[in-house]
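In: Predicted structure and sequence below. I'll ask about it afterward.
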Amino acid sequence: MKRILILFLSLLLTIAATGCSPRRRKQSGTPEDTPADSNENPFQTGDDLSAGIDSIGHDAVNPNRDKDGKKLPFEYNGGEISIPYEVHASGKTKEIGFLLYIDGIAQPYKVDGSDAACEYMHIFNLKENDKEHPFTFIFEPVTGKKGDTLSMGIVSVYAPGFMPDMKKASGYGMYHSTLLGDYELHFNQDTKGKNASAMPKYPYLKNVKQATEPITQDYLDSLSVFSGMVPITLELLNKEVFSQQFLNGQGGLIDNLKVNEDGTLHVTFKIMGYPGARYKSTFYINHKAITDGKNTSFETVLTKGNVSVIEADLELSQLEDFNTFYVVSALCNVQELWEDGTSLLKTPSVLLYKK
């Protein structure tokens, strides 16, 4: 298993704070790390930025490989599939959650050794430093036909239990950042697709609309202000992917937003960049994929000189007093863009609170 040190450059910290996220370089089979379910956020208290953060690694257990050592696709033969997996971490905190995607679509799953139902995230609290924790993903794919070979992304989320309490902390800092392990799933049988009775149900979205808008110079200038990078140009967007989220029109440096008890919150999500990249974006509340009653993930294919926009109204009556909101965009045509490093994006988590 590969190991990574959770060391973040100031550039990435700036990007995470602004809500303008570039696409993340691919990390083959090695997603990321987590802190504790404490409300003491080092990014708010002035502590060392790396406090409690050491290392983490995770990977499939003994995946099939070809003679050159390249990972081969997992094989789906009908019914439920089991993917043996393992994770390790070291540091002050070792809480890790996993999200799973098939062809960019959020995939609910179960884990062995647990009575928990099929859900979009399961969370592990590791006890020992650098000791492998084995478990198994168990699921029936939400999509796939006989003969298909589809992308399968396994994404770790750093300290998913952390949520600002608006007293000790008002933002997430590096918490809830992600790292991706890329795999493939080959279908020897058709999947039954979405089993409506077994799928988790969180129909919190309505009035979902998708559109494409031309990128203007004014828009590029606004991206440059909030990206923390060199000026963003159309040429850069031919190589990089960016995403943004706006809540009732507010974006940029937003860490939290007070919302009403009921009514709706207007959500706008924008993604742009590498032409031909095919993404499916999923909206989350408290790590649960929310839907419009029909669709869990919304597809967009990026085109040169344009920004893809997804708008929706979030029903506030469905929310608790404190809620974590973010959007994950999973790349579907991973193999086509492998060498260019185009991969998964997650917007910075935002706290939606009522009281």
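Out: That came in fine, so what should we check first?
In: the strands in the stretch 151-300 of the chain, which residues?
Out: Taking DSSP state E, counting those that start in this stretch as the criterion, the stretch 151-300 of the chain carries its strands at 178-187, 205-214, 241-247, 256-258, 264-273, 278-285, 288-290, 297-301.
In: ok, now which ones touch the spatially closest residue to Asn295 that is not a sequence neighbour?
Out: Nearest non-adjacent residue to Asn295, counting by C-beta to C-beta, 6 or more residues apart in numbering: Val208, 7.3 Å away. (Glycine included, C-beta is placed from N, CA and C.) The contact partners of Val208, taken as C-beta atoms under 8 Å, 6 or more residues apart in numbering, are Asp292, Asn295, Phe298, Ile310, Glu311, Ala312.
In: can I see the domain layout of the chain?
Out: 4-187, 205-353 (automatic domain parsing).
In: Quick check: which ranges of the stretch 151-300 of the chain have low pLDDT?
Out: By pLDDT under 70, the weakly predicted segments of the stretch 151-300 of the chain are 194-198, 226-229.
In: and the closest residue to Leu314 other than its chain neighbours, how many neighbours?
Out: Excluding its sequence neighbours, the residue lying closest to Leu314 (C-beta to C-beta, 6+ apart) is Leu265, at 4.4 Å. Leu265 has 18 neighbours, counted by other C-beta atoms under 10 Å.
In: longest helix of the chain?
Out: Identified as the longest helix of the chain according to DSSP state H is helix 217-227.
In: between it and strand 205-214, how many degrees?
Out: Here helix 217-227 runs at an angle of 120 degrees relative to strand 205-214 (axes from the mean of the first three to the mean of the last three C-alpha atoms, to 10 degrees).
In: Give me the distance from helix 217-227 to the chain's centre.
Out: Remark: helix 217-227 is offset 24 Å from the chain centroid, using C-alpha atoms, centre = their mean, to the nearest Å.
In: CA atoms only: put that helix into CSV for me.
Out: This file holds the C-alpha atoms of helix 217-227, laid out as CSV (Å, rounded to 0.1, in the frame of the first residue of the first chain):
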residue,chain,number,x,y,z
GLN,A,217,-13.2,38.1,-19.4
ASP,A,218,-15.0,39.4,-16.4
TYR,A,219,-15.7,35.9,-15.3
LEU,A,220,-12.0,34.9,-15.7
ASP,A,221,-11.0,38.0,-13.7
SER,A,222,-13.4,36.9,-10.9
LEU,A,223,-11.9,33.4,-10.9
SER,A,224,-8.4,34.8,-10.7
VAL,A,225,-9.3,36.9,-7.6
PHE,A,226,-10.6,33.9,-5.7
SER,A,227,-8.4,31.1,-6.9
